[in-house]
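Participant: using only what follows, build the 3D model:
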Amino acid sequence: MRTTPRRVLVVVTVLAGLALLGAGCAIPTQSGPSSISSSHVPFGLLNANPPATTTTQPNPSSLVPVKVYFLTSTDQLQAVQRVVITPASLTSIISSLLAGPSATETANGAVTAITDNVMVLSAVAQGSQVTVNFNSAFSQISGTSAELAVAQVVATIAAEEGEGTGVTFEIAGQRTSVPIASGASVPGPVYLLQFI
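Facilitator: Okay, the predicted model is just below:
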């Protein structure tokens, strides 16, 4: 099969076009930095007052103080103030409790009976009753620590919802019995008065 001059010309033209295109995409190299004219700087980069960043930080006015309860060295309930984003949901308040005492609070003797692998899955208020649902790590707290952990949660909820609030505990959505100060294990609801 013979190649016609026209076909050769088309192939050469295409190859030349591709070579020019490839050369246009190459990265220029220089031995050092060079200045460019202000007319070639993208719009806004030479502005002496650049626009503010759009990082989202909580507005201080959208934070609300709440009380969470830790323990003293003698296992007494101790209120500590925290701030959470408003509206302060029970889940966010309990999450703040689960974060544990700060380094300063620990230095001042605050401790918690709640292990750091406990997570609150939900906390729902219905009238004067609250059902709080934890992951299975909460059920692994045992002995006196279990009673103290329950007391911390109940006191924290009572501070937000009122001292007469009854609290029912769930583990992964299943209702569970919890210990109270008398040593009994009850299915709930449990009340702050059962711990003080």
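Participant: what about this structure, any weak spots by pLDDT?
Facilitator: For the chain, applying pLDDT under 70 flags the ranges 1-61.
Participant: what about the strands in it?
Facilitator: Ranges of strands within the chain are 63-71, 77-85, 120-126, 129-134, 166-171, 174-176, 178-179, 185-186, based on DSSP state E.
Participant: neighbours of the residue lying closest to Ile171 once chain neighbours are set aside, how many?
Facilitator: Distance criterion C-beta to C-beta, 6 or more residues apart in numbering; nearest residue to Ile171, sequence neighbours excluded, is Ser139 at 4.8 Å. (Glycine included, C-beta is placed from N, CA and C.) Neighbours of Ser139 under the rule other C-beta atoms under 10 Å: 16.
Participant: repeat that for Pro87.
Facilitator: As a burial measure, Pro87 scores 8 neighbours (other C-beta under 10 Å).
Participant: that one: what's its closest spatial neighbour, skipping adjacent residues?
Facilitator: Pro87 sits nearest to Val64 (C-beta to C-beta, 6+ apart), 7.7 Å away.
Participant: for the one you found, give its distance to Ala79.
Facilitator: As for Val64, its distance to Ala79 is 16 Å (criterion: C-beta to C-beta, to the nearest Å).
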